[in-house]
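[1] the following block contains a protein sequence and its predicted model.
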Amino acid sequence: MNIYLDIFSTFAKIGAFTIGGGYAMLPLIKSEVVNKKKWLDEKEFLDVLAISQSAPGVFVINMSVFIGLRVKGKGGSVIAALGSALPSFVAILLIAMFFDSFKDNEVVQSVFKGIRPAVVALIAVPLIGMSKGMNLNRYTSLIPVITLLLIVAFRISPIYILIAGALLGIFYHYLIKR
């Protein structure tokens, strides 16, 4: 199979069969690009995940661009981004066209009520799996807990937390690790 077609179809499948967006897509992305295609190993996947979360823009598009770039350069990144965005674009376009005709339908509302808890689980599963691969110790395992507390209890913007994390990482590297 042509590598560009393979990249496009892989990311189109990810985009088409994942409900909930972003983090809900992680299990499928990991399954496809790490386990099946072997385009990335576990460590590279975590690195791409960290970079994609830190970069501005849509998370899954960022991931597809980085993975496509790794697999087949600039052309691969464009194809991967198109593959991951096209199914969502078509779905949103169709929903927008017919939204008024089904928005009050009780069956549709029930379907969405049933999907919501599943999406939460789809987000939780990769987070638990990623935490195992991050070599957390008793000190670094406090970082996610403190971050959650700062965001939820004190309503601190994640942007400030990312900046603080980057600065603390630089501080750790230059002053403590050396």
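    Looks like it arrived, so ask away. All of these numbers come straight from a predicted model, not from anything done at the bench. Numbering: from 1, shown residues only.

[2] can you pull out the helices in the protein?
    Secondary structure of the chain (DSSP state H): helices located at 3-16, 26-30, 42-54, 59-102, 106-133, 142-152, 158-171.

[3] out of these, which gets the lowest mean score?
    Looking at the helices of the chain, the lowest mean pLDDT belongs to helix 106-133 (a mean of 79).

[4] re earlier: in a markdown table, list the helices of the chain along with distance to K177 and mean neighbour count.
    No exception for glycine: its C-beta is placed from N, CA and C like everyone else's. What follows is the helices of the chain, written out as a markdown table (distance: least, CB to CB, whole Å; neighbours: other CB atoms under 10 Å):
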| stretch | distance to K177 | mean neighbour count |
| --- | --- | --- |
| helix 3-16 | 37 | 19 |
| helix 26-30 | 29 | 20 |
| helix 42-54 | 18 | 16 |
| helix 59-102 | 26 | 17 |
| helix 106-133 | 21 | 12 |
| helix 142-152 | 16 | 12 |
| helix 158-171 | 10 | 12 |
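
[5] mind checking which of those helices is nearest K36?
    Nearest to K36 among the helices of the chain is helix 3-16 (8.5 Å), distances taken as CB to CB.
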